[in-house]
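Q: can you look at this prediction? I've put the sequence above it.
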Amino acid sequence: MQGISTFMAEMLDTAHLLRGAGPRSLVIIDELGRGTSTADGFGVAWAVSRHLARDTRCFTLFATHFHELTDLSKEMDGSSIVNVYVDAHTTASSITMKYEVRPGICDHSFGLHVATLANFPAAIVRNAKALILEEERQEEEEDAIVMGRSKGKGQGQGQLDSTITGEIGRYRGIAEMQAFLDAFVSLPICLSGENSKNALFAKVQMLQQRVKSSAATNTFLDQNLLA
């Protein structure tokens, strides 16, 4: 179909599916809701899967990257929805797909592992990890507020916040160091003339200043920065 986005094509296909599916249908849906915002995508995926399970009541295989969608089995009392996941073995920097389907839920993603396998620059992967940790911390704080617990209550919560903050700082500090080294290595070595040498020296100073500025707000980087 020409003149429409991939997300619109996905929505048209889903609308056709919902109109045509019956109790004896076999429905297979893969990653519904990717082409819009996280909130909108999750809302569409939840509503569609809930409708198929509760109203259409047809056999459905629904693959999704929305971990929260597994909570639908609780709403349906587990009578019509079964959660399964594909197992994988991971280390800090690698992933091995086992291609084994197991009962239960997968509560995390492997995007950064795949990015590493795809040879992403190490600084970008570390920076992404720092942002993910920051997002997880904010979600935990929001959950604590909803449950009526303030951030300052409880020694355990304070230690958790401190640990997460330290991890975020470490990942961001390492990413900054890696970015400096990558930029430094890319500088030209073979130079001739005083002007070229001065320009190179100015670029090195600029890189050093950038790292020092980051170190002012990053304890890990400040402690590991060589003067």
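A: Cool, got the structure. Numbering: from 1, shown residues only.
Q: buried set for the host helix or strand of residue 223?
A: Secondary structure from DSSP states H and E places residue 223 in helix 219-224. Residues of helix 219-224 classed as buried by neighbour count (16 or more other C-beta atoms under 10 Å): 220-221. Just so you know, the C-beta spots here come from the backbone N, C-alpha and C atoms, and that holds for glycine as well.
Q: cool, stretch 126-133 as well?
A: 126-130, 132-133.
Q: for the residues you listed, which one is nearest residue 45?
A: Ranked by distance to residue 45 (C-beta to C-beta), the buried residues of stretch 126-133 are led by residue 132 at 20.9 Å.
Q: ok, that closest one - contacts?
A: residue 112 (C-beta atoms under 8 Å, 6 or more residues apart in numbering).
Q: next helix or strand past the helix or strand bottoming out on mean pLDDT in the chain?
A: Here the helix or strand of the chain ranked lowest by mean pLDDT, DSSP states H and E is helix 155-185, holding a mean of 66. Moving toward the C-terminus from helix 155-185, the first helix or strand encountered (DSSP H and E) is helix 194-215.
Q: remind me, longest strand of this structure?
A: strand 95-103 (DSSP state E).
Q: mind listing what's buried along the next helix or strand after that one?
A: For strand 95-103, the following helix or strand on the C-terminal side (DSSP H and E) is helix 111-117. Across helix 111-117, burial judged by 16+ other C-beta under 10 Å covers 112-113, 116.
Q: helices or strands next to helix 111-117 in the packing?
A: Where contact means 3 or more C-beta pairs under 8 Å, 6 or more residues apart in numbering; DSSP states H and E, helix 111-117 is packed against strand 95-103, helix 122-146.
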